[in-house]
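J.: The following block contains a protein sequence and its predicted model.
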Amino acid sequence: MKNPHGRFSARTVRVKAPGKVNVSLNVGPLRPDGYHSVASVYLAVSLYEEVAATSTETGGITVSISPNSTLDLDGVDIPLDGRNLAYKAAAIMADVSEQATGVHLEITKRVPVAGGMGGGSADAAATLLACDALWNSGLSREELAHLAAELGADVPFSLLGGTAVGLGVGDELSPALAKAQMDWVLVCAGYGLSTPEVFRTLDRLRDAEGLEVPDPVEVDPKILQALRSGDPEALSRVLINDLQRASIDLAPQLRDTIGLGESNGALAGIVSGSGPTIALLAHNTGSAEALAEELRHLGHDALAVHGPVPGARIISDTLL
Ligand SMILES: C[C@@](CO)(OP(=O)(O)O)[C@H](O)COP(=O)(O)OP(=O)(O)OC[C@H]1O[C@@H](n2ccc(N)nc2=O)[C@H](O)[C@@H]1O
Ligand SMILES: Nc1ncnc2c1ncn2[C@@H]1O[C@H](COP(=O)(O)OP(=O)(O)O)[C@@H](O)[C@H]1O
């Protein structure tokens, strides 16, 4: 953007986007495109990534990680080049924006990396929205969701937020009703699991059993009833994640973490997405905070969160 003196003036748009927990995740067969058909109920939770997109005069896309990130990123591999999901999001927005400039993306990481909570997807969703504002692209939410689906199966949900059923590869979303806030404790592992490897492990375990894989996959209506009624006890009885056995096959200690949470008052525990983050459902906010405190006392990285929360949104827009 040019100021009244014809000089370039930079602008920063800051967007926050939530991580997610899969309250249910049913996995169908492997499709010819390398993806699995899924039926999932997504819940956006109060752990947010932030992306600050600043226009630059030099052109090109650069990415950095903010020192305000709350994660311990020592030894964690986050590519800062064209493999970064935020970079990819800015690149596809630049392709469709007449007023695209160069852009620097500063990412504040709070969602565990390769944790099964869609942190990279949240960065991509936040970047789509930030670049749309920065470059006055004027895309509708629907058009942004379409671009989001090109970036990854989980990206459209981080744009939408709330509670939603995801079909297809998880990108065909329909909002679901949730009457009340649900309280959870996230237990973060100090390592990541690769999503494709977890899916491959599930296929291997299923092949060895020789049982038929459900096709098409469907969401259990009891999940939606429990969310509609806002009853955490009812929800705790129907949580399901088909990937959980594969994540536990790769990281057997996850079973103990779920057991520890349940023996310390959680209603139920589940692996979030492909893991290794464990999501423990609590009775209410007070019991979630007490459980997180107890697990931290026992040496775990535990955090109380709630959901549903809204999807990606702009938090500031500043001319520098
Ligand atoms: C498992 C889930 C559950 O919400 O989340 P995470 O645990 O990654 O957060 C998602 O399905 C992950 O979504 P996302 O992380 O966006 O996946 P993508 O980047 O699109 O795909 C990475 C790889 O995962 C596998 N994949 C992903 C989605 C899907 N429905 N079937 C698959 O088989 C494919 O091998 C694909 O190449
Ligand atoms: N912006 C990003 N943040 C984190 N990881 C990213 C990002 N862009 C690309 N990646 C790569 O994607 C992998 C999975 O990322 P992430 O979204 O954190 O996990 P998950 O798919 O389990 O939710 C990481 O291991 C990393 O190599």
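T.: Okay, I see it. Model, not experiment: these values are computed from the prediction. Residues are numbered from 1 along each chain as shown. Ligands and ions are numbered 1, 2, ... in the order given.
J.: Return stretch 34-50 as PDB; C-alpha atoms alone will do.
T.: C-alpha atoms of stretch 34-50 as PDB (Å, rounded to 0.1, in the frame of the first residue of the first chain):
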ATOM      1  CA  GLY A  34      -4.000 -41.800  -0.800                       C
ATOM      2  CA  TYR A  35      -6.500 -40.300   1.600                       C
ATOM      3  CA  HIS A  36      -9.000 -42.200   3.800                       C
ATOM      4  CA  SER A  37     -12.700 -41.300   3.900                       C
ATOM      5  CA  VAL A  38     -13.500 -40.100   7.400                       C
ATOM      6  CA  ALA A  39     -16.600 -39.100   9.400                       C
ATOM      7  CA  SER A  40     -15.500 -36.900  12.300                       C
ATOM      8  CA  VAL A  41     -17.000 -34.400  14.800                       C
ATOM      9  CA  TYR A  42     -14.500 -31.600  15.200                       C
ATOM     10  CA  LEU A  43     -14.500 -29.300  18.300                       C
ATOM     11  CA  ALA A  44     -12.500 -26.000  18.200                       C
ATOM     12  CA  VAL A  45     -10.800 -25.500  21.500                       C
ATOM     13  CA  SER A  46      -9.400 -22.500  23.400                       C
ATOM     14  CA  LEU A  47      -5.700 -23.000  22.400                       C
ATOM     15  CA  TYR A  48      -4.900 -20.600  19.600                       C
ATOM     16  CA  GLU A  49      -2.200 -20.100  17.000                       C
ATOM     17  CA  GLU A  50      -1.600 -16.500  15.900                       C
END
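J.: hmm, that stretch touching ligand 1?
T.: Yes. For a cut-off given as C-beta under 6 Å from any ligand atom, stretch 34-50 has contacts with ligand 1, namely 34-36, 38, 40. Just so you know, the C-beta spots here come from the backbone N, C-alpha and C atoms, and that holds for glycine as well.
J.: what about the nearest residue to Pro156 once chain neighbours are set aside, helix or strand, and which?
T.: In this structure, Pro156 finds its nearest non-sequential neighbour in Ala148, 4.3 Å apart by C-beta to C-beta, 6 or more residues apart in numbering. Using DSSP states H and E, Ala148 maps to helix 141-151.
J.: Flag every buried residue along the helix or strand following that helix.
T.: Later in the chain than helix 141-151, the nearest helix or strand by DSSP H and E is helix 155-160. In terms of neighbour count (16 or more other C-beta atoms under 10 Å), helix 155-160 has its buried residues at 155-160.
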